[in-house]
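In: Sequence and predicted structure are below.
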Amino acid sequence: MKKSTFKNGVILVDDNVIYHHFMQKCIERLNLRVPFYFYSTADEIFDHLHMVDIGKYPMPGLILLDIHLRGISGFDI
């Protein structure tokens, strides 16, 4: 398998826990060795990105974002 270009991690933001479980199974089956972060709210992703901004976390290689989050549109994030 080709080496991943997402060494700094992948973030999934979705308020549906079924998608979190689905992605977890995909990660396990593909034997991916990159950090995956699962968040359910806009506040959680904002907190993560704040930590990136102050240098505590690396910038993720990919963010998978639900555009229909409760309380805020994914487009607004």
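Out: Here it is on my side, so go on.

In: what's Gly71 in contact with, if anything?
Out: When contacts are counted by C-beta atoms under 8 Å, 6 or more residues apart in numbering, Gly71 is found next to Thr41, Ala42. Every C-beta, even on glycine, is put in place using the N, C-alpha and C of the backbone.

In: Please tell me how far it sits from Gln24.
Out: With the distance defined as C-beta to C-beta, to the nearest Å, Gly71 ends up 24 Å from Gln24.

In: does the residue nearest the centre of the chain sit in a helix or strand, and which one?
Out: Most central in the chain under C-alpha atoms, centre = their mean is Ile11, positioned 1.2 Å from the mean C-alpha point. Assigned by DSSP states H and E, Ile11 belongs to strand 10-13.

In: So for that strand, mean pLDDT?
Out: Summarised as a single mean, pLDDT over strand 10-13 is 91.

In: Quick one: list the elements packing against that strand.
Out: Counting by 3 or more C-beta pairs under 8 Å, 6 or more residues apart in numbering; DSSP states H and E, the packing neighbours recorded for strand 10-13 are helix 17-30, strand 36-39, helix 42-53, strand 62-65.

In: Would you tell me which of the ones you listed gets closest to Phe75?
Out: Phe75 lies closest, by C-beta to C-beta, to one member of these: strand 62-65, at 8.9 Å.

In: quick one: low-confidence ranges for this structure?
Out: Low-confidence segments of the chain (pLDDT under 70): 1-5.

In: burial of Phe22, as a residue count?
Out: 13 (other C-beta atoms under 10 Å).
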